[in-house]
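# Have a look; sequence and predicted model below, questions after that.
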Amino acid sequence: MHNILEVAKQAARIGGEVIQEGAGRRDSLDIEQKSLHDYVSEVDRNSEHAIKSHILSAFPTHKIVGEEYGEHAGLENIKWVIDPLDGTTNFLRGIPHYAVSIAVLRDGVPEYAVVFDPVKDEMFCASHGGGALLNDVPIGVSDLASSRGGLFATGVPFSGDNLTNIDRFTSTMVAILEQHTSGIRRLGSAALDLAYVAAGRYDGYWEANLKLWDIAAGVLLVTEAGGVVSDLRGNQDHLISGDVLAAGAGVHPDMARLTSRFYKG
Ligand code: 2AM
Ligand code: CA
């Protein structure tokens with residue numbers, strides 16, 4: 001009998017090896033543009049293929065959905081959600097900040113999560129009710145009592161629908177800055193942003209319009225690390241909408257009050 005979390009961690013390491021092998025020959029990679037500002041390389045595809053093969057060798061009946069290859073049919077109630085390379089733009093430009101993200105959902109609810117950064121060799125993982133770990137050591141969210149003075153992360157809109165609604169992003173940013181923050185970071189990997197909230201490195205993180213594979217693992221990391229996750233209105237629709245707000249319990253209500261002013265629907 002295979003242990004789901006162990007298989008997820010092994011699969012993430014296998015994906016990480018594919019990515020780092022590709023990083024060593026960046027100039028010769030086969031790169032394709034999926035849409036404006038959205039690129040995919042042979043590394044994204046090879047990583048997903050390797051991850052999927054490993055999962056299916058342990059759990060041949062499980063359902064899998066990945067960013068690059070879509071859905072692999074299987075059991076309806078258990079679904080592996082894979083981002084084989086979160087932070088592709090960073091990767092392609094030689095910016096060493098990207099990750100593999102793997103979540104296992106049971107009836108739509110994240111039960112196991114792994115976010116693996118192959119550059120820093122950081123393995124974040126969580127299981128429902130079992131807490132969150134970084135390289136096998138328990139982690140917890142920040143204990144800041146309010147958003148004042150916090151260090152935050154976000155994602156700056158870069159294309160599509162997000163740009164047509166740019167005002168609500170900039171208004172949110174100003175409102176957060178008015179809290180006298182320690183700064184706002186934009187590092188380009190949603191999975192790692194959430195993992196960093198789980199580890200208490202950021203006090204809070206918000207971003208709109210993400211995909212399920214960007215956030216499914218990260219949201220479980222945050223809640224298992226004692227944090228709170230919602231959409232930008234403060235509701236529990238983040239896995240459906242892809243709009244996410246994650247923070248420690250002291251900071252989340254303040255941030256939700258600010259984001260909900262600008263993200264009404
Ligand atoms: P991806 O690398 O898996 O596509 C952060 O804003 C999220 O948006 C990332 O997790 C990233 O996931 C996605 N993204 C896609 N294109 C991007 C771009 N040009 N710049 C920043 N993020 C991008
Ligand atoms: Ca990706």
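Structure's in. What do you need? Remember, it's a predicted structure, so these values are computed and weren't measured experimentally. Ligands and ions are numbered 1, 2, ... in the order given.
# quick one, helices of the stretch 51-200 of the chain?
88-92, 161-164, 166-177, 190-198 (DSSP state H, counting those that start in this stretch).
# right, so these: which one is the most enclosed?
Most buried of the helices of the stretch 51-200 of the chain, by mean neighbour count (mean count of other Cβ atoms under 10 Å): helix 190-198, with a mean of 31. Where C-beta positions appear, they are placed from N, C-alpha and C, glycine not excepted.
# residue closest to the middle of this structure?
For the chain, the residue nearest the mean C-alpha position is Ala191 (2.0 Å; Cα atoms, centre = their mean).
# looking at the helices of the stretch 51-200 of the chain, which one has the lowest mean pLDDT?
Of all the helices of the stretch 51-200 of the chain, the minimum mean pLDDT falls on helix 161-164 (a mean of 74).
# what's the distance between that one and the middle of its chain?
Distance of helix 161-164 from the chain centroid (Cα atoms, centre = their mean, to the nearest Å) equals 21 Å.
# helices or strands up against it?
On a contact count with 3 or more Cβ pairs under 8 Å, 6 or more residues apart in numbering; DSSP states H and E, helix 161-164 meets no helix or strand.
# Alpha carbons of it, as CSV, please.
What follows is helix 161-164, C-alpha atoms only, in CSV (Å, rounded to 0.1, in the frame of the first residue of the first chain):
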residue,chain,number,x,y,z
ASP,A,161,-9.1,39.9,-18.1
ASN,A,162,-6.9,41.0,-15.2
LEU,A,163,-5.6,44.0,-17.1
THR,A,164,-9.1,45.2,-18.0
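# So which residues make contact with that helix?
Taking contacts as Cβ atoms under 8 Å, 6 or more residues apart in numbering, the residues outside helix 161-164 that touch it are 157, 169, 208-209.
# Can you tell me the number of residues neighbouring Ala132?
As a burial measure, Ala132 scores 25 neighbours (other Cβ atoms under 10 Å).
# Next, find the distance separating it from Glu32.
Distance of Ala132 to Glu32, computed by Cβ to Cβ, to the nearest Å: 35 Å.
# Next, the buried residues of stretch 67-83.
67-68, 72, 74, 78-83 (16 or more other Cβ atoms under 10 Å).
# Could you pick out the residues of the stretch 101-250 of the chain near ligand 1 for me?
Applying Cβ under 6 Å from any ligand atom, we find that the stretch 101-250 of the chain lies next to ligand 1 at 155, 158, 188-190, 207, 214.
# out of those residues, which are buried?
Using 16+ other Cβ under 10 Å as the burial test, those include 155, 188-190, 207, 214 as buried.
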